[in-house]
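*Asks:* Return a 3D structure for these sequence lines:
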Amino acid sequence: MIIWRRATVKNIGRQWGPARELSVCLESGETGKALAYLPLVGDILAGDEVYVSAAAVKRGLGTGGYLFVIANLTRMPADPPPQPGHLVKARYTPLQYMVQGVDEQESEFHGILEDSDSIESMPVIAADLHSALPAVVQGARDKAAAHNMPQPKIAYIMTDGGALPAWFSQLAWSLKENGAIIGTVSCGQAFGGDLEAVNIYSALLAAKHVWHADLAVVTQGPGNLGTGTRWGFSGTQIASVLEAAYTLGGRPIAALRMSQADLRERHFGISHHTMTVLTRLVHTPCMVPFPTDCASLAANSRLEAKVRRQKEQLLGYPHLSRADIAVPDAFNRLAQCGYTLRTMGRTLQEDPISFIAAYAAGYCF
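*Replies:* Next up, the predicted model:
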């Protein structure tokens with residue numbers, strides 16, 4: 001369902017990339033914050049009348065508390081200049097968005113990718129949650145620094161399991177602005193990345209052969225979906241990422257989703273999402289990094305005992321390879337990384353093992 005509301009823009013707030021934050025007043029007199037994607041709805045100014053979608057806010061869902069601007073009633077956006085590209089993302093919705101695919105015929109990279117069939121042993125780290133992204137990147141960069149290696153060229157690939165517009169991610173924008181990643185490849189129905197790909201295969205090939213990436217990190221966009229059932233979660237996509245990496249001759253690495261603060265037993269320790277993906281859905285060889293020499297594990301006997309049992313279970317599967325990654329300084333490095341670390345509403349201080357597990361995956365590359 002969509003809950004439509006009419007609102008007046010009162011103030012312009014922060015902007016990252018083409019995503020602009022707004023303060024709005026609804027016809028009812030209620031105030032709220034809204035987000036406008038300028039490539040979809042055009043420029044938005046104080047005083048403009050807009051239509052917003054309010055359903056997620058009304059239901060209290062994890063969209064950052066935003067109303068989303070559907071249309072500007074004050075002025076219609078000008079037509080964009082003629083440009084190549086015929087890939088349609090968010091297909092058959094009112095705001096379907098046409099882009100140029102990195103490998104389509106009009107692309108300057110078509111010749112490079114036309115017959116590409118291998119990512120040539122490039123490591124591919126797949127994580128369940130978008131919030132793992134900065135920790136994985138920090139781990140990879142710290143690994144390079146510790147071994148006096150050049151900083152890795154890291155490509156971020158965003159799948160369509162969460163947010164579809166890559167513009168929503170402040171993390172991805174900040175990481176690119178700071179030079180920590182090359183940029184974002186949006187694949188599937190996701191759009192708005194620096195490169196646009198049809199699927200995970202073409203996204204991985206583009207990361208390797210267009211950007212010459214040393215490492216690809218793959219997550220869904222912000223907005224994990226789950227129903228509290230065995231199979232009802234968007235993180236099942238990670239299996240297809242790991243399988244694709246192997247098929248294309250890469251090195252699949254599965255970042256563990258872990259928690260020491262989640263009150264739900266199915267997510268305490270190694271999440272059932274990770275356990276299900278690795279034991280039921282992935283059938284090709286895959287590296288699984290486990291953080292060791294870690295105060296968060298040592299100080300919590302219940303956590304340590306459960307993770308030990310889960311590790312033994314995972315290693316009973318012949319396609320999974322164990323990598324014990326000693327990360328004694330991970331917490332301090334993450335605390336100093338300069339990015340907002342928050343997962344499922346919890347900070348680094350509240351749930352350190354969540355980010356330390358992601359850091360260990362990056363350190364494994």
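*Asks:* so where is the protein shaky, pLDDT-wise?
*Replies:* Where the chain drops to pLDDT under 70, the residues are 60-64.
*Asks:* mind listing the helices in it by residue range?
*Replies:* Under the criterion DSSP state H, the chain contains helices at 38-41, 55-59, 110-113, 133-146, 170-177, 200-209, 237-247, 272-276, 295-298, 301-314, 330-335, 352-363.
*Asks:* May I have the lengthiest strand in the chain as PDB, with CA atoms only?
*Replies:* Longest strand of the chain, by residue count under DSSP state E: strand 4-16. What follows is strand 4-16, C-alpha atoms only, in PDB (Å, rounded to 0.1, in the frame of the first residue of the first chain):
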ATOM      1  CA  TRP A   4      -0.200   9.600   0.200                       C
ATOM      2  CA  ARG A   5       0.200  13.000   1.900                       C
ATOM      3  CA  ARG A   6       0.500  16.500   0.700                       C
ATOM      4  CA  ALA A   7       3.200  18.600   2.400                       C
ATOM      5  CA  THR A   8       4.900  22.000   2.200                       C
ATOM      6  CA  VAL A   9       8.700  22.100   2.300                       C
ATOM      7  CA  LYS A  10       9.800  24.300   5.200                       C
ATOM      8  CA  ASN A  11      13.500  23.900   5.300                       C
ATOM      9  CA  ILE A  12      16.300  22.300   3.300                       C
ATOM     10  CA  GLY A  13      18.600  20.000   5.300                       C
ATOM     11  CA  ARG A  14      21.600  17.900   4.600                       C
ATOM     12  CA  GLN A  15      22.500  16.600   1.100                       C
ATOM     13  CA  TRP A  16      24.700  13.700   0.100                       C
END
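*Asks:* What residues of that strand count as buried?
*Replies:* 5, 7-9, 16 (16 or more other C-beta atoms under 10 Å). In short, each C-beta sits where N, CA and C put it, glycine included.
*Asks:* Which parts of the stretch 51-200 of the chain are strands?
*Replies:* For the stretch 51-200 of the chain, strands defined by DSSP state E, counting those that start in this stretch occupy the ranges 67-72, 87-89, 97-99, 123-126, 154-159, 183-187, 195-197.
*Asks:* Distance-wise, check residue 57 relative to residue 23.
*Replies:* To residue 23, residue 57 is 14 Å away according to C-beta to C-beta, to the nearest Å.
*Asks:* mind listing what residue 126 touches?
*Replies:* 218-219, 238, 241-242, 245, 252-255 (C-beta atoms under 8 Å, 6 or more residues apart in numbering).
*Asks:* check contacts around the residue nearest to it when sequence neighbours are not counted.
*Replies:* Distances taken as C-beta to C-beta, 6 or more residues apart in numbering place residue 241 nearest to residue 126, at 4.2 Å, with adjacent residues excluded. Contact partners of residue 241, counting by C-beta under 8 Å, 6+ apart, are 124, 126, 159, 200, 218, 252.
*Asks:* gap between residue 241 and residue 257?
*Replies:* Separation of residue 241 from residue 257 (C-beta to C-beta): 14 Å.
*Asks:* Likewise for residue 268?
*Replies:* 11 Å.
*Asks:* and if you look at residue 105?
*Replies:* Noted for residue 105: a distance of 39 Å to residue 257, by C-beta to C-beta.
*Asks:* Name the nearest of the contacts of residue 241 relative to residue 148.
*Replies:* residue 124 (24.4 Å; C-beta to C-beta).
*Asks:* Mind listing the residues bridging to that closest one?
*Replies:* In this entry, residue 124 is beta-bridged to residue 216, residue 252, by DSSP bridges.
*Asks:* so it sits right up against residue 216, yeah?
*Replies:* Yes - assessed by C-beta atoms under 8 Å, residue 124 is found in contact with residue 216 at 4.9 Å.
*Asks:* list the residues that contact both of these two?
*Replies:* The contact lists of residue 124 and residue 216 share 204, 245, 250, where a contact means C-beta under 8 Å, 6+ apart.
*Asks:* ok, and the closest non-adjacent residue to the second one?
*Replies:* In space, and not counting its chain neighbours, residue 245 is closest to residue 124: 3.7 Å by C-beta to C-beta, 6+ apart.
*Asks:* And for residue 356?
*Replies:* Nearest residue to residue 356 in three dimensions, chain neighbours excluded: residue 330, at 4.6 Å (C-beta to C-beta, 6+ apart).
*Asks:* The one you found - how many residues pack around it?
*Replies:* Residues within reach of residue 330, counting by other C-beta atoms under 10 Å, total 29.
*Asks:* Same question for residue 214.
*Replies:* Residue 214 has 20 neighbours, counted by other C-beta under 10 Å.
*Asks:* If I follow the layout properly, it ends up in contact with residue 120?
*Replies:* No - with contact defined as C-beta under 8 Å, residue 214 does not reach residue 120; the gap is 10.9 Å.
*Asks:* show me what contacts residue 8?
*Replies:* Applying C-beta under 8 Å, 6+ apart to residue 8 gives the contacts 24-25, 47-50.
*Asks:* Could I have the buried ones of those as ChimeraX selection syntax?
*Replies:* To isolate the buried ones among the contacts of residue 8 in ChimeraX, judged by 16+ other C-beta under 10 Å, type:
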select :24,48,50
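*Asks:* which of the contacts of residue 8 lies closest to residue 290?
*Replies:* When these are ranked by distance to residue 290 (C-beta to C-beta), residue 24 comes first, at 46.4 Å.
*Asks:* partners of the closest one in the sheet?
*Replies:* Beta-bridge partners, per DSSP bridges, of residue 24: residue 9, residue 32.
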